[in-house]
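K.L.:
Here's my sequence, what's the structure:
(one chain, ligands or ions: 2)
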Amino acid sequence: MVFGTSCYGRFCRIIFAASLLLFVVANSFAQSSFRDEVKAGQTIVVRAGRMFDPSTGRMFEGPVIVIVGNKITSVSSGTPTAVSGATPIDLGDATLLPGFIDAHTHLTSDAGGGGYEGLVISSPRAALIGAKNVRLTLLAGFTAVRSVGVEGYSDVALRDAINVGDVIGHRMHVSGPPLSEPTVSQIGRGLYAYISDNDASANSTFLVGQAGILVVDTGLNETEGAKLLAAIRRVSALPVKYVVNTHYHPDHQGGNAVVGPSATVISTDFTRERTLALQKNSGMKAFHFEPANLTFQDQVTLHLEPYTARVYFPGRAHTSGDALVYFPEQQAISMGDLFLNHSSPAMDDGSVESWIHALDLVLELPLERVVPGHFELATKPELRRFRDYLNDLYEQVRKMKQKNETLEQVQHDIHMEKYADFRQYPKYEATFTSNAASIYQQIQTH
Ligand SMILES: [Zn+2]
Ligand SMILES: [Zn+2]
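P.N.:
Ligands and ions are numbered 1, 2, ... in the order given. This is a model prediction of the structure:
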């Protein structure tokens, strides 16, 4: 958040966004009548009790602001010189502030907006959430914002609606969807890591055998699945014979129908049960689920000559029924959300204690490459650091709980400075404090 940089008139050092008057008007007058006056190039003289000057850090009394058309032409104090034909606005003893600028906003979504259900908010709905938020942000004193990276074009719709006066809001600079691309790296013979460019959609791994392809995780939805399939097709034209879903979260299986329409879909029994439940959830109607038609409890080995893939349940971890996929010939593994590179993970109804144990066993395997559920491709040291994060947090919470600290005290007292580079995603409850809360509750129920 920074102050504006434009300045006008005698108090040139006072950083004073022209849109201050938008703020004044949004509070005091009907937007339409103001707009008519601005269009007519009319002069408005605003008076108030005092004004904050950020260049000196001091208030001064009796500001008088002259606005011609949509520009502030002067800011002075004391008695205003009469301006003929001017419309006076007297704000009494109100205090004026320069308009704030926020250079990094996501106004078309709400913080803490519903975990996985937040993934199914449509662009039109996002624009309406934005209409609520721009008004609140304006009334909090922000007169210009940058909106950075939304799915779809809800931010563009919002900016245009503000500009024509349909929605009351601040000046918006918008980006639309982020400009990025997934990356595909060969990580062994016949084996490829697909690193998603969308944080809300999982990474994938694909193995190209002599007669067909195995794909691990298919992304959030049809769009992400189509991006993945296009990447696979740049490598091989063989049919996708198997799809493995590491767990039931939509960001790992929403692309099943697109990526492998005739593939055998494989998951743990637990993942299939949870997927069937999601299908019945009215909040998830935007997803087209393709639940597994081959399930297992402990492990299953797939033979894609000349390679093999060992799919196994590592014990309760991120969920109660994750699957990992180990490729022995390539010494590589697909971790699903048991590993997020440089990030705190989301924690579903799994168990952090057994999660750490599962990671210890993975670290004993011969491993050249590790494909995380999200973010950059990794090797053993990054996986070990993630394991250490979970273990460190677990031990801290356990010891504080033994001293009968409340959850709020624990969340306040944990030391995570060593992991300052870890991504924090409040929207998915993937933060130090929400991870601490999960651990606290898991210990409680032991
Ligand atoms: Zn995920
Ligand atoms: Zn997940």
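K.L.:
Torsion angles phi and psi at the closest residue to ligand 2 within the stretch 101-250 of the chain?
P.N.:
In the stretch 101-250 of the chain, the residue that lies nearest ligand 2 is His249 (3.6 Å; C-beta to the ion). The C-beta positions use only the backbone N, C-alpha and C, and glycine is treated the same way. Phi and psi for His249, reported as degrees, to the nearest 10, are phi -60, psi 140.
K.L.:
Same question for Glu224.
P.N.:
Dihedral pair for Glu224: phi -70, psi -40, per degrees, to the nearest 10.
K.L.:
try Gly188
P.N.:
Backbone geometry at Gly188, expressed as degrees, to the nearest 10, gives phi 170, psi 180.
K.L.:
what's near enough to touch it?
P.N.:
327, 329-332, 368-369 (C-beta atoms under 8 Å, 6 or more residues apart in numbering).
K.L.:
mind redoing it with 10 Å?
P.N.:
Contacts of Gly188 were listed using C-beta atoms under 10 Å, 6 or more residues apart in numbering, and they are 207, 307, 327, 329-332, 368-369.
K.L.:
and these, which of them are in strands?
P.N.:
Judged by DSSP state E, the subset of these located in strands is 207, 307, 327, 332, 369.
K.L.:
that older thread, how many neighbours does the residue of the stretch 101-250 of the chain closest to ligand 2 have?
P.N.:
The number of residues packed around His249, counting by other C-beta atoms under 10 Å, is 28.
K.L.:
can you check Asn293 too?
P.N.:
When neighbours are counted by other C-beta under 10 Å, Asn293 registers 11.
K.L.:
pretty sure it contacts Thr264?
P.N.:
Yes: judged on C-beta atoms under 10 Å, Asn293 makes contact with Thr264 at a distance of 6.3 Å.
K.L.:
name the helices or strands packed onto the helix or strand encompassing Ala193?
P.N.:
Ala193 is part of strand 191-195, with elements assigned from DSSP states H and E. Packing partners of strand 191-195 (3 or more C-beta pairs under 10 Å, 6 or more residues apart in numbering; DSSP states H and E): strand 183-188, strand 204-208, strand 213-216, helix 222-233, strand 332-334, strand 369-371.
K.L.:
so can I have a markdown table of these showing mean pLDDT and distance to ligand 1?
P.N.:
Below are those laid out as a markdown table (pLDDT from 0 to 100; distance: least, C-beta to the ion, whole Å):
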| stretch | mean pLDDT | distance to ligand 1 |
| --- | --- | --- |
| strand 183-188 | 97 | 18 |
| strand 204-208 | 98 | 11 |
| strand 213-216 | 98 | 13 |
| helix 222-233 | 96 | 12 |
| strand 332-334 | 98 | 12 |
| strand 369-371 | 98 | 12 |
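K.L.:
looking at these, which is closest to Ser123?
P.N.:
Relative to Ser123, the nearest member of the helices and strands packed on strand 191-195 by C-beta to C-beta is helix 222-233, separated by 12.0 Å.
K.L.:
Give me the contact list for the closest one.
P.N.:
For helix 222-233, the external contacting residues (C-beta under 10 Å, 6+ apart) are 151, 181-184, 192, 194, 196-198, 200-204, 206, 208, 213, 215, 217-219, 238, 240, 251, 253-261, 287-288, 290.
K.L.:
thinking Glu429 is in contact with Ala436, fair?
P.N.:
No: at 11.0 Å, Glu429 does not count as touching Ala436 under the criterion of C-beta under 10 Å.
K.L.:
Between these two, which contacts overlap?
P.N.:
Here Glu429 and Ala436 have Ser344 as joint contacts, going by C-beta under 10 Å, 6+ apart.
K.L.:
Settle it for me: which of those two has more neighbours?
P.N.:
Using other C-beta under 10 Å as the criterion, Glu429 and Ala436 rank with Ala436 on top: 23 against 18.
K.L.:
how much space between the more buried one and Leu390?
P.N.:
According to C-beta to C-beta, to the nearest Å, Ala436 and Leu390 sit 11 Å apart.
K.L.:
ok, now Asn281?
P.N.:
Distance, Asn281 to Leu390, by C-beta to C-beta: 29 Å.
K.L.:
Tell me which of those two has more neighbours.
P.N.:
Using other C-beta under 10 Å as the criterion, Asn281 and Leu390 rank with Leu390 on top: 22 against 12.
K.L.:
Touching, the more buried one and Leu359? I think so.
P.N.:
Yes: in this structure Leu390 lies within contact range of Leu359 using C-beta under 10 Å: 7.2 Å.
K.L.:
Can you work out which residues contact both of the two?
P.N.:
317, 338-339.
K.L.:
The protein against ligand 1: which residues are in contact?
P.N.:
202, 251, 337, 373 (C-beta under 5 Å from the ion).
K.L.:
The second one: what secondary structure?
P.N.:
It stands for Asp251. Secondary structure assignment for Asp251 (DSSP: H, G, I helix; E, B strand; the rest coil): helix.
K.L.:
Tell me how many other residues crowd it.
P.N.:
Using other C-beta under 10 Å, Asp251 is surrounded by 27 other residues.
K.L.:
sorry, back to before: I'd like the ones in strands among the contacts of Gly188 as TSV, with neighbour count and distance to Thr105 appended.
P.N.:
Shown next, in TSV, are the ones in strands among the contacts of Gly188 (neighbours: other C-beta atoms under 10 Å; distance: C-beta to C-beta, whole Å):
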residue	neighbour count	distance to Thr105
Leu207	27	41
Tyr307	20	47
Phe327	27	42
Ala332	25	39
Arg369	21	37
